[in-house]
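**Student:** Take a look and give me a structure for this.
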Amino acid sequence: MALFKFIRKVLSAFWTGVTWTRKLLVNILFLFILILFCITIFMDGTPKIQPDSILVLDPGGILVEECTAPGPTELFFQKMDRGTRKRSEETKVQDIIDAVRLAAHDPKIALMVIDPRDLLGCDTTKLMDIGKVLREFKDTGKPIFAHATTFTQGQYFLASNANATYVSPLGGIALTGFGLYPTYFKGLLDKTKVNFHIFRVGEYKSAVEPFTRDSMSEPTRNIGRAWLTTLWQTYLNQVAQNRNISPASLTSYTENIDTNLRTMGGNAAQLALEYKLVDAIKTSNEFSLVIADYLGQLPTSLNKVSFKDYLATQPKHYNPTEETIGIIRARGPIMPDHQPENMIGSQSMAKLFQQARDDTSVVAVVLRIDSPGGSASASEEIHQEILRTQQAGKPVVISMGSVAASGAYWLASGANRIVASPTTLTGSIGIFAAIPTFEDTARALGITSDGVGTTTLSDLGNPLRPLSPTMESAFQHLLHFGYHTFVDRIALGRRLSVSEVEKSAQGQVFLGQEAQRRKLVDRLGDLDDALKVAANLAGLTTIRSKELQRERSARELFMQELMSGQRSLRAFQNLNGSPFLTMVQQHMQFLTTFTDPGHIYARSLECEAVQF
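**Tutor:** Predicted coordinates:
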């Protein structure tokens with residue numbers, strides 16, 4: 001027995017030592033990471049701008065109105081990677097605009113290089129906004145050079161603004177045009193025996209077609225073709241003007257790409273040169289020599305600074321006592337409650353408008369919208385916030401970005417003024433409801449649901465029970481009420497008769513220029529123009545603005561940290577993965593945005609399906 005006690009004591013002491021050592025090592029590791037994290041976050045990694053520096057316009061990922069806020073983990077990786085080439089998932093358009101405008105008058109910036117290789121998603125409106133400031137940069141006498149191996153049409157739009165554009169010998173320019181190709185689920189729903197109960201108001205409200213059809217209807221096809229053609233012609237006209245060629249030449253290049261390549265022996269770079277889409281064919285090293293020769297330097301001594309790093313070096317000038325215009329950005333589908341920056345949450349917007357009302361220095365608000373709409377109830381809540389802000393004596397001006405349709409137009413209609421880009425997709429005044437039930441799916445698997453209830457509505461909300469005729473009728477009544485509320489809000493806000501609104505309603509989609517003709521918007525322009533309108537309404541002689549951003553709750557910060565961790569891991573993955581898997585992921589994310597408590601939506605799915 002004594003031997004066993006001795007062995008037990010030895011093992012107990014050993015295990016205690018192991019446990020103590022493990023805790024010590026974990027604590028040391030934790031302390032080391034904490035110290036490293038603090039040093040990385042607070043260290044000054046801002047680059048120094050040298051004379052004759054080159055501003056590199058290298059946007060990555062998709063162009064957006066507002067980036068999703070990074071959490072601590074993502075900030076850590078960004079700090080660690082400073083000075084190395086990083087691929088972003090999003091690029092804020094305003095960051096590009098601010099950097100280019102500051103660099104235009106910075107004597108240390110000699111020229112700009114456009115490097116669009118990582119730019120994935122973009123659209124005409126955002127490209128036009130960037131193109132405007134690129135032309136302003138050139139007007140100061142500073143040149144812009146562009147180079148890539150292969151230009152997509154979005155990348156090429158940016159590059160066409162350069163004084164000289166170059167392509168690699170094995171590269172080319174891929175102009176494909178714009179398309180509208182929604183994904184249709186009717187076949188899948190039929191095979192899985194899912195009953196999708198669809199309700200809608202609006203003759204042209206095609207948002208429900210993906211659930212009721214397996215192909216595009218002719219009315220949707222005709223309307224979509226009309227505004228797509230106008231958008232594409234705008235693209236062609238602007239690129240042709242930038243390159244001093246004809247739009248017809250660009251059309252010939254695109255429509256006859258097979259015969260053109262055959263003529264050139266398959267040499268896409270030579271074809272681009274032949275059509276004057278580029279100025280010369282250069283490798284990356286040869287392009288560096290061009291830049292070095294212009295500056296009278298060696299290629300190895302060029303001082304390049306990314307526009308993001310350059311923007312970080314610029315001091316922020318803000319006087320809290322000066323009267324200013326508050327800018328609120330609203331991007332993505334409209335949803336109830338609090339949402340991250342890539343979605344429009346009704347409560348998130350309410351906080352921002354409350355912030356604008358409480359801030360005595362804010363005398364007017366510009367709401368910048370890039371949204372296809374979403375939850376009807378959330379749209380109405382934000383609409384009411386706009387009215388409250390006006391009642392507080394602060395005018396509200398809407399600045400429409402690429403899309404401001406359906407629910408986005410609902411919330412915008414109450415503003416003092418609406419400014420839209422000529423290429424903004426707007427309108428889509430109509431609503432719909434979509435409620436799936438799975439009783440047939442379950443029955444095919446041998447699952448049924450049965451029981452008793454105190455009323456005919458007791459099984460409402462049970463996905464394994466069919467929707468009763470009573471509820472189908474009730475939903476249609478609710479939808480008609482919602483639609484008439486939508487139309488009434490527009491009539492009151494836009495000072496139009498209901499009959500005038502109806503002529504532009506029923507789900508019709510318009511470009512900004514047509515919307516202005518129909519009195520749905522007041523004038524055409526960009527964010528700069530909207531700020532001028534707001535300043536005039538507020539009586540400001542000098543335009544000063546600041547972006548209003550809400551503080552996040554502890555729960556939101558925690559969720560943001562989880563999401564930022566996932567984004568940091570994805571940063572090491574190739575963003576150009578399988579197109580099919582990317583599409584599946586996008587559709588899964590799309591379905592999670594349908595969270596209206598009443599299942600009623602003012603959302604333009606056709607605007608979301610556009611391929612630029």
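**Student:** Please name the nearest non-neighbouring residue to L271.
**Tutor:** Of all residues not flanking L271 in the chain, M264 sits nearest, at 4.6 Å (Cβ to Cβ, 6 or more residues apart in numbering). Just so you know, the C-beta spots here come from the backbone N, C-alpha and C atoms, and that holds for glycine as well.
**Student:** Just want the phi and psi numbers for the one you found.
**Tutor:** phi -90, psi 10 (degrees, to the nearest 10).
**Student:** number of nearby residues for it?
**Tutor:** Residues lying near M264 (other Cβ atoms under 10 Å) number 16.
**Student:** That one and E274 touch, don't they?
**Tutor:** Yes: with contact defined as Cβ atoms under 8 Å, M264 reaches E274; the gap is 6.9 Å.
**Student:** Got the phi and psi for the residue positioned nearest the centre of the chain?
**Tutor:** Central residue of the chain (Cα atoms, centre = their mean): V64, 3.7 Å from the mean position. Dihedral pair for V64: phi -140, psi 160, per degrees, to the nearest 10.
**Student:** For G224, give its distance to F353.
**Tutor:** 34 Å (Cβ to Cβ, to the nearest Å).
**Student:** Please apply the same query to T485.
**Tutor:** The gap separating T485 from F353 is 20 Å, by Cβ to Cβ.
**Student:** So A148 belongs to a strand, correct?
**Tutor:** Yes: according to DSSP: H, G, I helix; E, B strand; the rest coil, A148 belongs to a strand.
**Student:** Who are the contact partners of the closest residue to it other than its chain neighbours?
**Tutor:** Nearest residue to A148, sequence neighbours excluded (Cβ to Cβ, 6+ apart): R117, at 5.5 Å. Applying Cβ atoms under 8 Å, 6 or more residues apart in numbering to R117 gives the contacts D58, A148, T149, Q155.
**Student:** The last one touches L120, doesn't it?
**Tutor:** No: the pair formed by Q155 and L120 falls short of the contact definition of Cβ under 8 Å, at 9.3 Å.
**Student:** For the two, indicate the residue with more neighbours.
**Tutor:** Higher neighbour count among Q155 and L120: Q155, with 24 against 20, using other Cβ under 10 Å.
**Student:** quick one, phi psi at the more buried one?
**Tutor:** For Q155, the backbone dihedrals (degrees, to the nearest 10) come out as phi -60, psi -40.
**Student:** G60 reaches E89, doesn't it?
**Tutor:** Yes: using Cβ under 8 Å, G60 is in contact with E89, at 7.4 Å.
**Student:** which residues of the stretch 101-250 of the chain fall in strands?
**Tutor:** Secondary structure of the stretch 101-250 of the chain (DSSP state E, counting those that start in this stretch): strands located at 109-114, 119-121, 144-152, 164-174, 179-180, 195-201.
**Student:** And the longest one, what's buried?
**Tutor:** Residues A164, T165, Y166, V167, S168, G171, G172, I173, A174 are the ones in strand 164-174 that count as buried (16 or more other Cβ atoms under 10 Å).
**Student:** got a list of what the last one touches?
**Tutor:** Right, A174. Under the criterion of Cβ under 8 Å, 6+ apart, the neighbours of A174 are T150, F151, T152, Q153.
**Student:** In a markdown table, list those along with pLDDT and neighbour count.
**Tutor:** A markdown table is the format used below for those (pLDDT from 0 to 100; neighbours: other Cβ atoms under 10 Å):
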| residue | pLDDT | neighbour count |
| --- | --- | --- |
| T150 | 96 | 17 |
| F151 | 97 | 27 |
| T152 | 95 | 19 |
| Q153 | 94 | 19 |
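**Student:** now the residues you listed as a markdown table including distance to Q611?
**Tutor:** A markdown table is the format used below for the contacts of A174 (distance: Cβ to Cβ, whole Å):
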| residue | distance to Q611 |
| --- | --- |
| T150 | 18 |
| F151 | 17 |
| T152 | 12 |
| Q153 | 11 |
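**Student:** quick one: which of those residues is nearest to A269?
**Tutor:** Proximity of the contacts of A174 to A269 (Cβ to Cβ) peaks at T150, which lies at 9.1 Å.
**Student:** I figured the closest one hits I173, correct?
**Tutor:** Yes: with contact defined as Cβ under 8 Å, T150 reaches I173; the gap is 7.4 Å.
**Student:** Tell me what the residue nearest to the centre of the chain is bridged to.
**Tutor:** Beta-bridge partners for V64, by DSSP bridges, are K92.
**Student:** just checking, it touches R331?
**Tutor:** Yes: between V64 and R331 a contact is recorded at 6.1 Å, counting by Cβ under 8 Å.
**Student:** Can you check which residues contact both of those two?
**Tutor:** With Cβ under 8 Å, 6+ apart as the test, V64 and R331 both reach N342, D370.
**Student:** on that earlier part again, common neighbours of T150 and I173, please.
**Tutor:** Listed contacts common to T150 and I173 are V167, A268; contacts here mean Cβ under 8 Å, 6+ apart.
**Student:** Just give the number of residues close to the nearest residue to T424 once chain neighbours are set aside.
**Tutor:** Spatial nearest neighbour of T424, excluding adjacent residues (Cβ to Cβ, 6+ apart): G512 at 3.9 Å. Neighbour count for G512, taken as other Cβ under 10 Å: 25.
**Student:** Then E551?
**Tutor:** So E551, with other Cβ under 10 Å, has 8 neighbours.
**Student:** who are the neighbours in contact with it?
**Tutor:** K351.
**Student:** Find me the pLDDT at it, would you?
**Tutor:** Among the per-residue scores, E551 holds a pLDDT of 71.
**Student:** Could you give the separation of stretch 358-370 from the chain centroid?
**Tutor:** Offset of stretch 358-370 from its chain centre (Cα atoms, centre = their mean, to the nearest Å): 21 Å.
**Student:** Tabulate the CA atom coordinates of that stretch in CSV.
**Tutor:** This file holds the C-alpha atoms of stretch 358-370, laid out as CSV (Å, rounded to 0.1, in the frame of the first residue of the first chain):
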residue,chain,number,x,y,z
ASP,A,358,-28.3,65.7,-32.2
ASP,A,359,-25.1,67.1,-33.8
THR,A,360,-25.5,70.9,-33.8
SER,A,361,-22.8,71.3,-36.4
VAL,A,362,-24.7,69.3,-38.9
VAL,A,363,-27.1,71.6,-40.8
ALA,A,364,-28.1,69.2,-43.6
VAL,A,365,-27.9,65.5,-44.5
VAL,A,366,-27.0,63.8,-47.8
LEU,A,367,-28.0,60.2,-47.9
ARG,A,368,-26.0,58.3,-50.5
ILE,A,369,-27.9,55.2,-51.6
ASP,A,370,-26.7,52.1,-53.5
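**Student:** buried ones in it?
**Tutor:** Residues D359, V362, V363, A364, V365, V366, L367, R368, I369, D370 are the ones in stretch 358-370 that count as buried (16+ other Cβ under 10 Å).
**Student:** What of stretch 283-295?
**Tutor:** Neighbour-count burial for stretch 283-295, counted by 16+ other Cβ under 10 Å, picks out F287, S288, V290, I291.
**Student:** now stretch 301-320
**Tutor:** L302, N303, K304, V305, S306, F307, K308, D309, Y310, L311.
**Student:** pretty sure R368 is in contact with I327, am I right?
**Tutor:** Yes: if you go by Cβ under 8 Å, R368 and I327 touch, sitting 6.3 Å apart.
**Student:** Model confidence for K316, exactly?
**Tutor:** Per the predicted model, pLDDT is 76 at K316.
**Student:** ugh, wrong one, P72
**Tutor:** The predicted local confidence for P72 is 49.
**Student:** Please enumerate the strands of the stretch 251-400 of the chain.
**Tutor:** Under DSSP E, counting those that start in this stretch, the stretch 251-400 of the chain gives strands at 280-281, 304-306, 324-331, 334-335, 344-345, 362-371, 373-375, 396-405.
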